[in-house]
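Q: structure for the following, please:
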Amino acid sequence: MAFTIPKQQYSGAIKTVSLGAGGKALTVGGESAYPFHTFEGIMPNPPKIAMEIWDKNPGEDWAEAAKEPYKDVLGDPVAWARKVLEYKPDLLVIQCQSADPNGDNAPAAEVAARVKKVVDAVDIPVVVWGTYNHDKDVEVMRLVGEQCQNKNLILGPVEEGDYKQIGAVALGYKHTVAASTPIDVNLAKQLNILLGNLGVKEQNIVIDPTTGGLGYGLEYCYSVMERIRMAALTQEDEKLQLPMINNMGHEVWKCKEAKIPESEAPNLGDAAKRGILMEAVTAVSLALAGSDVLIMRHPEAVKLVRKFLGQMVG
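A: A predicted model of the protein is given here:
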């Protein structure tokens, strides 16, 4: 007797969102079943891999293994972006670390000018990520949105404390927002409602559930993402039927296990392999939880994850 795979019935589906503009624009979302459950529904747009750069030299903030592939371009965001393109990511992410009021506190105009140069130098969709300081992020995103209008950038993180201002930027200059909430299903839904009330259309919103790295909250993050997908697909919660993005490379590589050199912790093994595997395991876990865009850092981790995704989607 032939075995028949039992199938889950889904009453909802994930909406599609277009990212970027021009010939390299891409679409995320569209799933009608749980992640990779293609025997139950469709997954027309497998998870996309984004690779990050900083708008400043990260210096000691980055592990040596993470800096190695980019060691000759770390001081030049445009050259760094072009180097990243050699690894063929689907998207580029600019982390605006120089704007951080607790760090360099660079003027918003200076930060926006750097971002504009990078956006003009690449032909793939671009994510612009702020500092989680509401006042500074609003200032920076307002200038970035204006100077890069009609590029359909993804502006993030957009939080409850700044959604009105950054949401208005996205509306006025035709960009997409990454709605960010602290690992909570109800808060994620509420922020999407607020953005909708502001006038931001669902096709211009992706969910940032906030990401925990391996050993640093990954399990909780996975659980919340899983519940978001369950609500979207089986409970027909329209406000959660949106693609998800995870700023995960930044989280993984800042933890001590990824940064500490082998000389200080020989029992943890090779430092470079350790960080790469931590990033790859985190990315695979988040993809299985329903992530549509994985923001990664190390090219070798990207290779591993890309191979996994290729096998999963055939």
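Q: pull up the gap between P125 and I49, please.
A: Noted for P125: a distance of 12 Å to I49, by Cβ to Cβ, to the nearest Å. (C-beta placed from N, C-alpha, C; glycine too.)
Q: name the residues contacting each of the two.
A: Contact with both P125 and I49 is made by residues D90, L91, according to Cβ atoms under 8 Å, 6 or more residues apart in numbering.
Q: which of those two has more neighbours?
A: Neighbours were counted for P125 and for I49 using other Cβ atoms under 10 Å; P125 has more, 28 against 21.
Q: show the backbone phi and psi for the more buried one.
A: Per-residue torsions, P125: phi -60, psi 150 (degrees, to the nearest 10).
Q: count of neighbours near the nearest residue to it once chain neighbours are set aside?
A: Sequence neighbours aside, G20 is the residue nearest to P125 in space, at 2.7 Å (criterion: Cβ to Cβ, 6 or more residues apart in numbering). Applying other Cβ under 10 Å, we find 23 residues neighbouring G20.
Q: for V118, same thing?
A: 21.
Q: so how far is P77 from A283?
A: Counting by Cβ to Cβ, the separation of A283 from P77 is 24 Å.
Q: L19 contacts A50, doesn't it?
A: No. Between L19 and A50 there is no contact under Cβ atoms under 8 Å: 9.4 Å.
Q: surely E52 is in a helix?
A: No. Read with DSSP: H, G, I helix; E, B strand; the rest coil, E52 is strand and lies in no helix.
Q: after the lowest-mean-pLDDT helix or strand in the chain, next one along is what?
A: Within the chain, no helix or strand scores below helix 256-259, which has a mean of 87 by mean pLDDT, DSSP states H and E. Next helix or strand after helix 256-259 toward the C-terminus (DSSP states H and E): helix 271-289.
Q: which secondary structure elements does the strand or helix carrying V128 contact?
A: Secondary structure from DSSP H and E places V128 in strand 126-129. Identification of packing neighbours for strand 126-129 by 3 or more Cβ pairs under 8 Å, 6 or more residues apart in numbering; DSSP states H and E yields strand 91-95, helix 108-121, strand 154-158, strand 293-296.
Q: so what touches that strand?
A: Outside strand 126-129, the residues within contact range by Cβ under 8 Å, 6+ apart are 20, 50, 52, 91-96, 115, 118-119, 141, 144, 148, 151, 153-157, 178, 245, 247, 293, 295.
Q: ranges for the strands of this protein?
A: For the chain, applying DSSP state E gives strands covering 17-19, 26-28, 48-54, 91-95, 126-129, 154-158, 176-180, 205-208, 245-246, 293-296.
Q: partners of the shortest one in the sheet?
A: Each strand paired with strand 245-246, and its direction, by DSSP bridges: strand 293-296 (parallel).
Q: send me the partner strand as PDB with only the CA atoms.
A: Written as PDB, here are the backbone C-alpha positions of strand 293-296 (Å, rounded to 0.1, in the frame of the first residue of the first chain):
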ATOM      1  CA  VAL A 293      15.300  37.800   3.800                       C
ATOM      2  CA  LEU A 294      18.400  36.800   5.800                       C
ATOM      3  CA  ILE A 295      21.000  39.500   6.400                       C
ATOM      4  CA  MET A 296      24.400  37.800   6.600                       C
END
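Q: where in the protein is pLDDT low?
A: Residue ranges of the chain with pLDDT under 70: 1.
Q: just the helices from the stretch 51-200 of the chain, written as ranges.
A: Per DSSP state H, counting those that start in this stretch, the stretch 51-200 of the chain carries helices over the ranges 64-67, 77-85, 108-121, 134-147, 163-173, 185-198.
Q: could these go into CSV alongside distance to A231?
A: Below are these laid out as CSV (distance: least, Cβ to Cβ, whole Å):
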stretch, distance to A231
helix 64-67, 35
helix 77-85, 35
helix 108-121, 34
helix 134-147, 28
helix 163-173, 21
helix 185-198, 7
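Q: and of those, who's closest to S11?
A: With Cβ to Cβ, the closest approach to S11 among these belongs to helix 185-198: 17.4 Å.
Q: give the buried residues for the closest one.
A: V185, L187, A188, K189, L191, N192, L194, L195 (16 or more other Cβ atoms under 10 Å).
Q: before we move on, the earlier item: list the buried residues in the least confident helix or strand of the chain.
A: Neighbour counts using 16+ other Cβ under 10 Å place E257, A258, K259 of helix 256-259 among the buried residues.
Q: what sits against the second one?
A: Taking Cβ under 8 Å, 6+ apart as the contact definition, A258 lies against A63, A66, G213, V252, R274, G275, M278, E279.
Q: any idea which of those has the most stuff around it?
A: V252 (30 neighbours).
Q: which strand residues bridge the nearest residue to that one once chain neighbours are set aside?
A: Leaving aside its chain neighbours, V252 sits nearest to G213 (4.0 Å; criterion: Cβ to Cβ, 6+ apart). In this entry, G213 is beta-bridged to Y216, G217, by DSSP bridges.
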